[in-house]
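S.K.: Quick one, structure for this:
(one chain, ligands or ions: 1)
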Amino acid sequence: MDIDIVSVFPEYFDVLNLSLLGKAQQKGLVTVRTHNLRDWTHDVHHSVDDTPVGGGAGMVMKPEVWAECLDDLLGLDPVTVDALDFQTAVASRFGNDAVANDGASADESSPQLDAEGEYALSDYDAGDAEPLGPVLIFPNPSAPMFTQKDATELAGRQRLVFGCGRYEGYDARIPRYYRAQGIDVREYSIGDYVLNGGEVAVSVMLEAITRLLPGFMGNAESIVEESYTGDNALLEHYQYTKPATWRGLSVPKVLLGGDHGKVDRFRRDEALAKTSRLRPDLIEKLDCHALDKKDRKT
Ligand code: ADE
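M.R.: A predicted model of the protein is given here:
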């Protein structure tokens, strides 16, 4: 897997040479290249941001600098996007009503038009993007949540390019522009809180993705059994190691008995009970066909 990371603080990613990801790089499973966005500026101050149009606090990252950088990394020539192309694309996917420039959309699920009649492409996935082309990923606190499912899907892609925003974020036209070029652009939040920039969020996503690469982990089974994995994900059961009794606390007896059937049943019950208590939202998402009769009693 080939990974590019663009940031104004590329040093943040020096830690990627440590630990398992460092080993994976040495083994040739992953190549990580970091880039300083300021290398694509042309002014003496190397500025990457400007004041928000329409007013407001903070600074917004400039589209020109990002685009010069991303064009280089993705091997694209600069083009001017024809607003009509947007509308044609929308019409073919959502019907003509969706592009009627009257401020109203066909129904709740249709895309909204912004003040200039331009389709808010940033809110939709790149349906027409090349399935195995590069994926451009921007961490963003106001995007959909990054999940284990996303990590699993992205672990199957050959090339990932991460762009780390700073300040009040990046100009909204950047993801729209690359979607219009047929690039698969994703925006993800890693949680409902605001960080100072995208670097930590990229580190989180990168670790979640790369540990799923075949050959990355010493023990592939540990991935199959862990929390959030699979379509009917539960939190993982509790784990214990030796000694069997420590400071008066004993491990559950069934785990010492050597009966694998009983151990599996115990762990499944523990996972169900733990998930109901800590993450009832995951229980609600469970497919009832995935539960057996014994589960229902729990
Ligand atoms: N940038 C700042 N906060 C973030 C968050 N919670 N997730 C992703 N990117 C971010």
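S.K.: Tell me the helix or strand right after the least confident helix or strand in the chain by mean pLDDT.
M.R.: Within the chain, confidence by mean pLDDT, DSSP states H and E is lowest for helix 83-94 among all helices and strands, at a mean of 62. Downstream of helix 83-94, the next assigned helix or strand under DSSP states H and E is strand 135-139.
S.K.: now that following strand, how far from the centre of its chain.
M.R.: Mean C-alpha position of strand 135-139 versus that of the full chain (Cα atoms, centre = their mean, to the nearest Å) differs by 7 Å.
S.K.: ok, and what's touching the biggest helix by length in the chain?
M.R.: Looking across the chain with DSSP state H, the single longest helix is helix 260-278. Contact with helix 260-278 is made by 234-238, 252, 254-255, 257, 282-283, 294-295, 298, as judged by Cβ atoms under 8 Å, 6 or more residues apart in numbering. Every C-beta, even on glycine, is put in place using the N, C-alpha and C of the backbone.
S.K.: which bits of the stretch 151-298 of the chain sit near the ligand?
M.R.: Counting by Cβ under 6 Å from any ligand atom, the residues of the stretch 151-298 of the chain close to the ligand are 189-191, 193-195, 198, 201.
S.K.: tell me the pLDDT at the residue most central in space within the chain?
M.R.: Centrality entry for the chain: nearest residue to the mean C-alpha point is residue 146, 4.1 Å, by Cα atoms, centre = their mean. We have a pLDDT of 97 for residue 146.
S.K.: That one and residue 188 touch, don't they?
M.R.: Yes. Between residue 146 and residue 188 there is a contact under Cβ atoms under 8 Å: 3.8 Å.
S.K.: what do the two both touch?
M.R.: Shared contacts of residue 146 and residue 188 (Cβ under 8 Å, 6+ apart): 201, 205.
S.K.: so what's residue 136 bridging to?
M.R.: residue 161, residue 185 (DSSP bridges).
S.K.: does it really touch residue 181, like I thought?
M.R.: No. Residue 136 is not in contact with residue 181 according to Cβ under 8 Å; the separation is 9.8 Å.
S.K.: who has more neighbours, these two?
M.R.: Shown here are residue 136 and residue 181; by other Cβ atoms under 10 Å, residue 136 has more neighbours (27 against 19).
S.K.: For the closest residue to residue 59 other than its chain neighbours, which residues are in contact?
M.R.: Spatial nearest neighbour of residue 59, excluding adjacent residues (Cβ to Cβ, 6 or more residues apart in numbering): residue 49 at 3.8 Å. Residues near residue 49 by Cβ under 8 Å, 6+ apart: 59-62, 166-167.
S.K.: Next, please give the residue ranges for the strands of this protein.
M.R.: For the chain, applying DSSP state E gives strands covering 2-7, 31-36, 49-50, 60-61, 135-139, 159-163, 184-188, 245-246, 249-250.
S.K.: where are the low-confidence patches of the stretch 151-298 of the chain?
M.R.: 221, 231, 296-298 (pLDDT under 70).
S.K.: can you list the domain ranges for this structure.
M.R.: 2-210, 231-297 (automatic domain parsing).
S.K.: can you tell me the residue of the stretch 1-150 of the chain closest to the ligand?
M.R.: residue 139 (3.2 Å; Cβ to the nearest ligand atom).
S.K.: tally of neighbours for that residue?
M.R.: Neighbours of residue 139 (other Cβ under 10 Å): 26.
S.K.: now residue 291
M.R.: 15.
S.K.: how about it, phi and psi?
M.R.: When quoted as degrees, to the nearest 10, the phi and psi of residue 291 stand at phi -90, psi 140.
S.K.: Check the gap between residue 239 and residue 283 for me.
M.R.: Using Cβ to Cβ, to the nearest Å, residue 239 is found at 21 Å from residue 283.
S.K.: who has more neighbours, the two?
M.R.: More neighbours surround residue 283 than the other of residue 239 and residue 283, with 14 against 8 (other Cβ under 10 Å).
S.K.: Which positions in the stretch 1-150 of the chain make contact with the ligand?
M.R.: Checking the stretch 1-150 of the chain against the ligand by Cβ under 6 Å from any ligand atom, the hits are 139-141.
S.K.: what about 8 Å?
M.R.: Counting by Cβ under 8 Å from any ligand atom, the stretch 1-150 of the chain comes close to the ligand at 139-141, 143, 146.
S.K.: Count the residues that sit near the closest residue in space to residue 195 that isn't next to it in sequence.
M.R.: Excluding the flanking residues, the one nearest residue 195 by Cβ to Cβ, 6+ apart is residue 201, at 6.2 Å. For residue 201, the neighbour count with other Cβ under 10 Å is 24.
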